[in-house]
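S.K.: Need a 3D model of the sequence below.
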Amino acid sequence: FIQEVRPACVVAGSNFATALPACLAARESGVPFVYEVRGFWEITRASWDPGYEQSPTGRQELFYETSVACAADAVVTLTNPMREELIARGVAPKRITVAPNACDPETFRPLGRDVDLMRDLGLYSDVPIIGYAGSFNAYEGLDDVVRACGALKQQGLVFRLMLIGVELPDHKGAFPVTEGINQLAAEAGLDEWLIMPGLVPHDDVRRWYSLIDIAPFARKSQPVTELVSPIKPLEAMAMGKAVVVSSVRGMEDMVSHGETGQVFPSGDVVALE
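M.R.: From the prediction side, this is the model:
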């Protein structure tokens with residue numbers, strides 16, 4: 001196909017399972033190869049599977065990822081910390097370009113609250129909503145968000161907490177993050193204030209975001225969060241939400257503290273309040 005179409009270059013995104021065959025095909029056809037490194041999957045897995053990076057499979061994955069990145073004519077990645085990691089792995093600095101995450105401002109634009117959705121949820125227009133949309137991974141710090149909201153309720157503030165998304169089961173078939181959220185909410189007396197709709201259709205995300213006033217992203221400090229940037233804070237900012245992010249390096253370039261949002265020390269629940 002490459003020889004027939006003769007593209008200017010071949011581009012493949014993470015991880016090596018896609019990039020390695022694309023690199024080999026490009027080399028065979030004499031076409032430049034560009035590797036778009038969107039994450040480090042072995043580091044992400046290690047966030048919930050301690051020791052994975054040092055396991056035979058983890059070391060093999062690191063070898064393939066590094067080999068493909070070093071073999072590419074150019075590498076595109078998301079953040080300066082990711083660039084630094086690639087350089088540490090042996091990729092020539094001059095071949096690495098940082099292209100930060102972005103979202104479509106025409107798709108994610110400020111909207112008035114969706115009245116129909118509010119009615120379905122039994123919400124009142126004057127009640128502030130603290131909301132998160134994204135993956136339910138342990139490193140997202142949703143437990144810290146619930147703890148902070150529990151403290152806010154003790155201070156007499158009235159609001160609702162909306163957590164949109166789902167958690168994949170662990171190797172035991174359990175859902176520890178979701179179970180932890182529910183337990184913390186019960187202990188804080190937030191049961192009736194907690195809204196967890198689960199996974200919502202992508203086309204409906206804007207409707208749910210329209211209800212949110214404050215969007216916290218409380219990522220904990222782990223290798224994956226210090227390196228890789230998420231897209232969700234950008235979507236919330238594009239929709240005009242008050243964004244609060246933790247100080248992990250993967251998000252530090254997204255928000256100018258006190259201007260485009262608020263930054264708090266990662267893991268500091270009191271500061272998150």
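
S.K.: just for this protein, where's the confidence low?
M.R.: Nowhere does the chain drop to pLDDT under 70.

S.K.: Need the contact partners of the biggest helix by length in it.
M.R.: In the chain, taking DSSP state H as the definition, the longest helix is helix 56-71. Contacts with helix 56-71, where a contact means C-beta atoms under 8 Å, 6 or more residues apart in numbering, come from 14-16, 19-20, 23, 27, 33, 35, 37, 40-42, 45-46, 51-53, 75, 86, 89-91. Where C-beta positions appear, they are placed from N, C-alpha and C, glycine not excepted.

S.K.: Starting from that helix, tell me the next helix or strand along the chain.
M.R.: Per DSSP states H and E, the first helix or strand lying C-terminal to helix 56-71 is strand 74-77.

S.K.: quick one, strands of the protein?
M.R.: Secondary structure of the chain (DSSP state E): strands at 10-13, 33-37, 74-77, 96-98, 129-133, 160-164, 194-198, 214-217, 242-246, 262-264.

S.K.: where's the second one relative to the chain centroid, distance-wise?
M.R.: Its chain's C-alpha centre lies 21 Å from the corresponding centre of strand 33-37 when counted by C-alpha atoms, centre = their mean, to the nearest Å.

S.K.: What are the buried residues along it?
M.R.: Counting neighbours by 16 or more other C-beta atoms under 10 Å, one finds that the buried residues in strand 33-37 are 33, 34, 35, 36, 37.

S.K.: measure the second one to residue 76 for me?
M.R.: This points to residue 34. According to C-beta to C-beta, to the nearest Å, residue 34 stands 6 Å off from residue 76.

S.K.: For residue 261, list each beta-bridge partner.
M.R.: residue 257 (DSSP bridges).

S.K.: In this structure it contacts residue 246, no?
M.R.: No: between residue 261 and residue 246 there is no contact under C-beta atoms under 8 Å: 11.3 Å.

S.K.: quick one: which of these two has more around it?
M.R.: residue 246 (25 against 20; other C-beta atoms under 10 Å).

S.K.: For residue 225, see how far away the closest residue to the more buried one other than its chain neighbours is.
M.R.: Distances taken as C-beta to C-beta, 6 or more residues apart in numbering place residue 266 nearest to residue 246, at 3.9 Å, with adjacent residues excluded. In this view, residue 266 and residue 225 are 8 Å apart by C-beta to C-beta.

S.K.: Show me whatever sits in contact with both of the two.
M.R.: 219, 248.

S.K.: number of nearby residues for residue 54?
M.R.: Counted with other C-beta under 10 Å, residue 54 comes out at 10.

S.K.: what about residue 70, how many neighbours?
M.R.: For residue 70, using other C-beta under 10 Å, the count is 15.

S.K.: The longest helix of the chain vs strand 33-37, what angle?
M.R.: 130 degrees (axes from the mean of the first three to the mean of the last three C-alpha atoms, to 10 degrees).

S.K.: correct me, but residue 34 touches residue 8?
M.R.: No: shown here, residue 34 and residue 8 do not form a contact pair, counting by C-beta under 8 Å, at 9.9 Å.

S.K.: roughly how far is stretch 165-174 from the heart of the chain?
M.R.: Distance, centroid of stretch 165-174 to centroid of chain: 17 Å (C-alpha atoms, centre = their mean).

S.K.: Just the buried residues of it, please?
M.R.: Under 16+ other C-beta under 10 Å, the buried positions of stretch 165-174 are 165, 167.

S.K.: Any idea how far apart the tips of it sit?
M.R.: 16 Å (C-alpha to C-alpha, to the nearest Å).

S.K.: all helices for the chain, in order.
M.R.: According to DSSP H, the helices that the chain contains are 2-5, 16-29, 41-46, 56-71, 80-88, 115-121, 142-154, 176-187, 205-209, 223-227, 232-238, 249-252, 269-272.

S.K.: Just the CA coordinates for the longest one, please, in PDB.
M.R.: The C-alpha atoms that make up helix 56-71 are tabulated as PDB, following Å, rounded to 0.1, in the frame of the first residue of the first chain:
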ATOM      1  CA  PRO A  56      10.400  -9.500  31.800                       C
ATOM      2  CA  THR A  57       7.300  -8.200  29.900                       C
ATOM      3  CA  GLY A  58       7.800  -4.700  31.200                       C
ATOM      4  CA  ARG A  59      11.500  -4.700  30.200                       C
ATOM      5  CA  GLN A  60      10.600  -6.100  26.800                       C
ATOM      6  CA  GLU A  61       8.000  -3.300  26.300                       C
ATOM      7  CA  LEU A  62      10.600  -0.700  27.300                       C
ATOM      8  CA  PHE A  63      13.100  -2.100  24.800                       C
ATOM      9  CA  TYR A  64      10.600  -2.100  21.900                       C
ATOM     10  CA  GLU A  65       9.400   1.400  22.700                       C
ATOM     11  CA  THR A  66      12.900   2.800  22.900                       C
ATOM     12  CA  SER A  67      14.000   1.000  19.800                       C
ATOM     13  CA  VAL A  68      11.100   2.400  17.700                       C
ATOM     14  CA  ALA A  69      11.600   5.900  19.000                       C
ATOM     15  CA  CYS A  70      15.300   5.800  18.300                       C
ATOM     16  CA  ALA A  71      14.800   4.400  14.800                       C
END
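
S.K.: Since that was my last question, I'll sign off now.
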